[in-house]
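*Asks:* next come a sequence and a model predicted from it.
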Amino acid sequence: MAYSPIEQGRLLNHPVLQRVAASHGVTPTQLAIAWVIQLDGVNAIPKASTQEHTHAFPPPTAKRPLEML
């Protein structure tokens, strides 16, 4: 389980990660999370680092079962 796929932001400045991300037209964050979630049996658990991120996805207003993908 990957609790911090970008190592709390420290990984984002790594030159290799930046170079590979740029070559694919994505951000280092997108690349790191994409790499983690493509691994069999691994779940990524990124966190919201700012209050604005938590408001982008408000909690449900009523009880409902978890969605199955």
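*Replies:* Nice, I can see it. Numbering: from 1, shown residues only.
*Asks:* low pLDDT regions in the protein?
*Replies:* Along the chain, the parts satisfying pLDDT under 70 run over 1-5, 46, 68-69.
*Asks:* okay, helices next: where are they in it?
*Replies:* Counting by DSSP state H, the chain has helices at residues 15-24, 28-37, 51-55.
*Asks:* chain center to the second one, what's the gap?
*Replies:* Centroid separation for helix 28-37 versus its chain: 6 Å, with Cα atoms, centre = their mean, to the nearest Å.
*Asks:* cool, and the last one?
*Replies:* On the basis of Cα atoms, centre = their mean, helix 51-55 is displaced by 15 Å from the centre of the chain it belongs to.
*Asks:* keeping just the C-alphas, turn that helix into PDB.
*Replies:* The C-alpha coordinates for helix 51-55 follow below in PDB (Å, rounded to 0.1, in the frame of the first residue of the first chain):
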ATOM      1  CA  GLN A  51      -8.100  22.800   2.700                       C
ATOM      2  CA  GLU A  52      -9.000  23.600  -0.900                       C
ATOM      3  CA  HIS A  53      -8.400  20.000  -2.000                       C
ATOM      4  CA  THR A  54     -10.800  18.700   0.600                       C
ATOM      5  CA  HIS A  55     -13.600  21.000  -0.600                       C
END
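*Asks:* which other residues reach that helix?
*Replies:* Ala48 (Cβ atoms under 8 Å, 6 or more residues apart in numbering). Glycine gets a C-beta too; all of them are placed from N, C-alpha and C.
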